[in-house]
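Novice: Here is my input, please return the structure:
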Amino acid sequence: MRKTSAKGPAPLDKVITCIEKATKEGRSTLAIFDLDGTLFDNRTRTIFILREIAEKFDSRVPGLARAFRTFQDLSVVDYSLDVTLARVGVRGAETEFIKQEWAKRFFSDGYQKFDMPIAGAKAYVNRVHKAGATVIYLTGRDVGRMLVGTTEVLRLYGFPVGIEGTMTIVKKEFEQDDELFKKEVSEYIRRLGEVACIFENEPANSNILQARFPSAESFFVLTQHRPGAPALNPGIHRIKDFLPAAGPTARSRK
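Specialist: All right, here's what the predicted structure looks like:
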């Protein structure tokens, strides 16, 4: 049995209990999950792409090719590709070429399979779905270049997708601002039912959705986010992953 704190169930477990109660009472509940940096660690996608560029264009990007001779782990990968390249010692003229080649691949269907699920994410999302909530994948990926790959990677790693009780909402256009997109879509989601929980890794988006759905349990996943992001609003749980609590102290804090 999972241990809980003296104050009651851990927040992740509390969400499941609330969803189950609502389901028994015949009420519809919704669970909103972002993807990049929330359910998936996409640093592995970046590393795979950079290695591919280094191998395919080794004579044109010698600095990147040299970097992989001493590459250690994912800790070098930053939200900013410029920072990542600087950390591995790549500077100068080749950076613009690398960034162009990276963007072609990163924002496409074919490379999303190289993302890795955050620890415990698959099991938790399945618990939420089994409890009776409609799982909504709300992502800044766009329909033209990334919807197919998004569906494939969710299915590949065993997340509920394409079945009853699931929705995937992406942007119509890549250029649309993520924050504006999620703010506009939240009004549509509000009409669908009661939002039980929200999971995000961008402070601005987390704040927007918490304000829109104040009765929902809001969670912020401590991965990577845009530089210069606003402070996280009070009342949002901070979690590192979706694994069960390891001891009597709750894993998340507000």
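Novice: can you pull the contacts of the residue of the chain most remote from its centre?
Specialist: The C-alpha centroid of the chain is most remote from S59, which lies 34.8 Å away (CA atoms, centre = their mean). By CB atoms under 8 Å, 6 or more residues apart in numbering, the contact set of S59 is empty. The C-beta positions use only the backbone N, C-alpha and C, and glycine is treated the same way.
Novice: Pretty sure it sits in a strand.
Specialist: No - going by DSSP: H, G, I helix; E, B strand; the rest coil, the assignment for S59 is coil, not a strand.
Novice: For I49, see how far away it is.
Specialist: Separation of S59 from I49 (CB to CB, to the nearest Å): 18 Å.
Novice: and if you look at S186?
Specialist: S186 is 31 Å from I49, by CB to CB.
Novice: what do you get for L243?
Specialist: From L243 across to I49, the span is 28 Å (CB to CB).
Novice: Between the two, point out the one with more neighbours.
Specialist: Each of L243 and I49 has its neighbours counted (other CB atoms under 10 Å); I49 has more, 21 against 15.
Novice: ok, residues contacting the helix or strand where that one lies?
Specialist: Using DSSP states H and E, I49 sits in helix 43-56. By CB under 8 Å, 6+ apart, the residues outside helix 43-56 that reach it are 61, 64-65, 67-68, 71, 74, 77, 81, 84, 98, 101-102, 105-106, 111-112, 114-116, 224.
Novice: any idea of the mean pLDDT for the next helix or strand after that helix?
Specialist: Moving toward the C-terminus from helix 43-56, the next helix or strand (DSSP H and E) is helix 62-67. Across helix 62-67, the average pLDDT comes to 93.
Novice: got a list of contacts for helix 62-67?
Specialist: Helix 62-67 is contacted by residues 50, 53-55, 58, 85, 88-92, 94, 98 when judged by CB under 8 Å, 6+ apart.
Novice: are any of those residues buried, and which?
Specialist: Buried members of the contacts of helix 62-67, scored by 16 or more other CB atoms under 10 Å, are L50, I53, A54, L85, V88, V90, E94, I98.
Novice: okay if I get those as CSV plus pLDDT?
Specialist: Formatted as CSV, these follow (pLDDT from 0 to 100):
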residue, pLDDT
L50, 96
I53, 97
A54, 95
L85, 95
V88, 92
V90, 94
E94, 94
I98, 97
